[in-house]
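A.B. asks: A predicted structure for the sequence below; I have some questions about it.
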Amino acid sequence: MIYALDSNIVSYMIKGNKDIENKFKNAIGKTNDYSIPPLVYYEVKRWLVLKNASAQLRAFSNLYNNSVKNEMTLEMWEKAVEIYARLISQGKPISKDGKESDIFIAAFCIVHDYVLVTNNTKHFEVIKELKTVNWKI
């Protein structure tokens, strides 16, 4: 099983949250069976660069460099389109603020059959085919 880390989980880890780090070590072990979706990479790194958070940037680079890497493919973009159209037609947008990046993260996980690790399970509960776990609770 490969876990995909959402932005909030990555943030907890690079800030040294011991509970999240322990759950990560227990779930991942020494296999490095985790991924940081491209949109999560962008969401996290843009703020670290903006804040010039050099220690956290180093921690993030280390975390990313040890992860399974996958690019966004046409199949993932098509899955994102399908999810978006289904949710809007059902009157269930993924978030009230219109944050569509969660759709891309979900599509990435679904296409790769990854489990999304997030503290925002509410954002994703409308996407039934997505597997999620919350390491914060």
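C.D. replies: Perfect, I can see it now.
A.B. asks: drop to CA atoms for contacts and neighbour counts, all remaining ones
C.D. replies: Fine.
A.B. asks: I figured Ile20 hits Lys136, correct?
C.D. replies: Yes - here Ile20 reaches Lys136: they are 6.6 Å apart, a contact under Cα atoms under 8 Å.
A.B. asks: the two: who's more crowded?
C.D. replies: Neighbours were tallied for Ile20 and for Lys136 using other Cα atoms under 10 Å; the higher tally belongs to Ile20 (19 against 15).
A.B. asks: what about the residue lying closest to Ser54 once chain neighbours are set aside, neighbour count?
C.D. replies: Of all residues not flanking Ser54 in the chain, Leu48 sits nearest, at 7.6 Å (Cα to Cα, 6 or more residues apart in numbering). As a burial measure, Leu48 scores 17 neighbours (other Cα under 10 Å).
A.B. asks: cool, Tyr34 as well?
C.D. replies: Other residues close to Tyr34 by other Cα under 10 Å number 24.
A.B. asks: residues in contact with the nearest residue to it once chain neighbours are set aside?
C.D. replies: Distance criterion Cα to Cα, 6+ apart; nearest residue to Tyr34, sequence neighbours excluded, is Tyr3 at 4.6 Å. Residues in contact with Tyr3 (Cα atoms under 8 Å, 6 or more residues apart in numbering) are Asp33, Tyr34, Ser35, Tyr114, Val115, Leu116, Val117.
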